[in-house]
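Asks: Pasted the sequence and its predicted model underneath.
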Amino acid sequence: MATASILGTAGYTGQETLDRLLGHPSIEVTALGSDSQAGKPAAALDPRLDGALPAFVPNAEAAASGADVLFLCLSNEEAAAFEPPAAGVVIDLSGAHRLRDAALAERWYGVAPGAWSYGLPEIAPPEGRLIANPGCHATAALLALWPLREQVEAPVVVDSKTGMTGAGRGLKDFTHAGFVLENFSPYAVEGHRHAPEIEQALGHTITFVPHLLPMRRGLLATCYVNAVPDARELIEAAYAGSEVVRLLPEGVAPELARVQGTDTAEIGVFWQGQMTVVVCAIDNLGKGAAGQAVQNANLALGLPETAGLRLEGVRV
């Protein structure tokens, strides 16, 4: 049985990672890190955890636990300053280690790129023990566009919409109920840090605009590219053996309701005039964060790729 420690357990991604590990057949949680909850029992986070897990410890203590895998569910700044232990797998769910270009990494995250592997299993399986988990918007856009990358030409437009948990648990003006409910708005229109992440993997310049949905979770990316006549065949071939990514039947569009609470992705392919439209739906906390982190951990530890993942949603 492999062991795991979570740093930042009290945040959204930390809780979601814990949920998956509690049902994992081959990974046991041995340390719960949280500077805000240190010293409190696990039940302080969720009463259903009463007696099931050790008490919270400071993040530094969880990092030094000697676990086989550490999950960094920390802010970008905290993850950038984190010194990995000499051994063990480390999965960083922040954005601090995603970008390879030094200037871009400094601009968007204030950190120099390190020896971290970018881990989006379906297109870039993780290598080594230090793994940067992809961003949620980048995950959906890349799953949609990666199989078409050799036939895509400028312009490439990604219109992406996410639930409010994508901004994290900390309070922000734009995540208050009074702003979100009965509202719909774009954000970071002049530049978002997931854009260079998508461009880095895809090899194309994109126009990317994210939007905030008045809902807790779920992400849907609609991608517009030049006409690619065999787009459906390329996507079908790319994910033919995947238990995580599903190409929907012709004429069926992805829906958030089917992927919410799961670690799966739905893709739909459509044509409109001279454009190919590829739509991908994921749960921003599932395949866009915690589910993907566990998937990366499984691969790094030599475990079955989908162990502990939530693969069942409402099926069409």
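Replies: Nice, thanks for sending it over.
Asks: got the buried residues for stretch 298-313?
Replies: Using 16 or more other C-beta atoms under 10 Å as the test for burial, stretch 298-313 gives Asn298, Leu299, Ala300, Leu301, Leu303, Glu305, Thr306, Ala307, Gly308, Leu309, Arg310, Gly313. Using the backbone N, CA and C atoms, a C-beta is placed for each residue, glycine as well.
Asks: Show residues contacting that stretch.
Replies: Contact partners of stretch 298-313, identified using C-beta atoms under 8 Å, 6 or more residues apart in numbering, comprise 2, 20-21, 23-27, 68-69, 89, 91, 119, 121, 125-126, 129, 131, 243-244, 258-264, 286, 291, 294-295, 297.
Asks: got any ranges where the stretch 101-250 of the chain has weak pLDDT?
Replies: 166-180 (pLDDT under 70).
Asks: hang on, the earlier thing: just curious, which of the buried residues of stretch 298-313 is nearest to Ala96?
Replies: Ala300 (18.2 Å; C-beta to C-beta).
Asks: does the closest one count as helix, strand or coil?
Replies: helix (DSSP: H, G, I helix; E, B strand; the rest coil).
Asks: Equivalent analysis for Leu143, please.
Replies: helix.
Asks: Using PDB, list the CA coordinates for stretch 67-85.
Replies: Extracted as PDB, the C-alpha positions of stretch 67-85 are listed here (Å, rounded to 0.1, in the frame of the first residue of the first chain):
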ATOM      1  CA  ALA A  67       4.900   9.600   2.200                       C
ATOM      2  CA  ASP A  68       5.300   8.000  -1.200                       C
ATOM      3  CA  VAL A  69       3.400  10.900  -2.800                       C
ATOM      4  CA  LEU A  70       2.700  14.400  -1.700                       C
ATOM      5  CA  PHE A  71      -0.200  16.400  -3.200                       C
ATOM      6  CA  LEU A  72       0.500  20.200  -3.100                       C
ATOM      7  CA  CYS A  73      -3.000  21.800  -2.900                       C
ATOM      8  CA  LEU A  74      -1.500  25.200  -2.200                       C
ATOM      9  CA  SER A  75      -1.500  28.700  -3.600                       C
ATOM     10  CA  ASN A  76       0.800  29.500  -6.500                       C
ATOM     11  CA  GLU A  77       3.000  31.400  -4.100                       C
ATOM     12  CA  GLU A  78       3.300  28.700  -1.500                       C
ATOM     13  CA  ALA A  79       3.900  26.000  -4.200                       C
ATOM     14  CA  ALA A  80       6.600  28.100  -5.800                       C
ATOM     15  CA  ALA A  81       8.400  28.400  -2.500                       C
ATOM     16  CA  PHE A  82       8.100  24.700  -1.700                       C
ATOM     17  CA  GLU A  83      11.300  22.700  -1.500                       C
ATOM     18  CA  PRO A  84      10.500  19.100  -2.600                       C
ATOM     19  CA  PRO A  85      11.800  16.300  -0.400                       C
END
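Asks: Can you show me the helices along the stretch 201-316 of the chain?
Replies: 231-238, 256-259, 291-301 (DSSP state H, counting those that start in this stretch).
Asks: could you dump those helices to TSV with distance to Ala79?
Replies: Below are the helices of the stretch 201-316 of the chain laid out as TSV (distance: least, C-beta to C-beta, whole Å):
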stretch	distance to Ala79
helix 231-238	30
helix 256-259	26
helix 291-301	12
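Asks: Point out the most buried one among those helices.
Replies: Neighbour counts (mean count of other C-beta atoms under 10 Å) averaged over each of the helices of the stretch 201-316 of the chain peak at helix 291-301, with a mean of 26.
Asks: chain center to that one, what's the gap?
Replies: Here the centre of helix 291-301 is set off from its chain's centre by 11 Å, with C-alpha atoms, centre = their mean, to the nearest Å.
Asks: what does stretch 14-23 give?
Replies: The answer for stretch 14-23 is 14 Å, by C-alpha atoms, centre = their mean.
Asks: what does stretch 201-215 give?
Replies: On C-alpha atoms, centre = their mean, the centre of stretch 201-215 falls 14 Å from that of its chain.
Asks: what's the answer for stretch 92-110, then?
Replies: Mean C-alpha position of stretch 92-110 versus that of the full chain (C-alpha atoms, centre = their mean) differs by 15 Å.
Asks: ditto for stretch 4-22
Replies: For stretch 4-22, the distance to the chain centre is 13 Å (C-alpha atoms, centre = their mean).
Asks: how about that stretch as PDB, C-alpha atoms only?
Replies: Only the C-alpha atoms of stretch 4-22 are listed here, as PDB (Å, rounded to 0.1, in the frame of the first residue of the first chain):
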ATOM      1  CA  ALA A   4       0.100   9.900   0.600                       C
ATOM      2  CA  SER A   5       0.200  13.300   2.400                       C
ATOM      3  CA  ILE A   6      -1.900  16.200   1.300                       C
ATOM      4  CA  LEU A   7      -0.700  19.800   1.900                       C
ATOM      5  CA  GLY A   8      -3.500  22.400   1.900                       C
ATOM      6  CA  THR A   9      -6.200  19.800   2.700                       C
ATOM      7  CA  ALA A  10      -8.800  22.400   3.800                       C
ATOM      8  CA  GLY A  11      -9.100  24.000   0.300                       C
ATOM      9  CA  TYR A  12     -11.400  22.900  -2.500                       C
ATOM     10  CA  THR A  13      -8.700  20.900  -4.300                       C
ATOM     11  CA  GLY A  14      -7.400  19.400  -1.100                       C
ATOM     12  CA  GLN A  15     -10.800  18.200   0.000                       C
ATOM     13  CA  GLU A  16     -11.500  16.700  -3.500                       C
ATOM     14  CA  THR A  17      -8.100  15.000  -3.500                       C
ATOM     15  CA  LEU A  18      -8.800  13.500   0.000                       C
ATOM     16  CA  ASP A  19     -12.200  12.300  -1.200                       C
ATOM     17  CA  ARG A  20     -10.600  10.300  -4.000                       C
ATOM     18  CA  LEU A  21      -7.800   8.900  -1.800                       C
ATOM     19  CA  LEU A  22     -10.300   7.700   0.800                       C
END
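Asks: Alright, that wraps it up for me.
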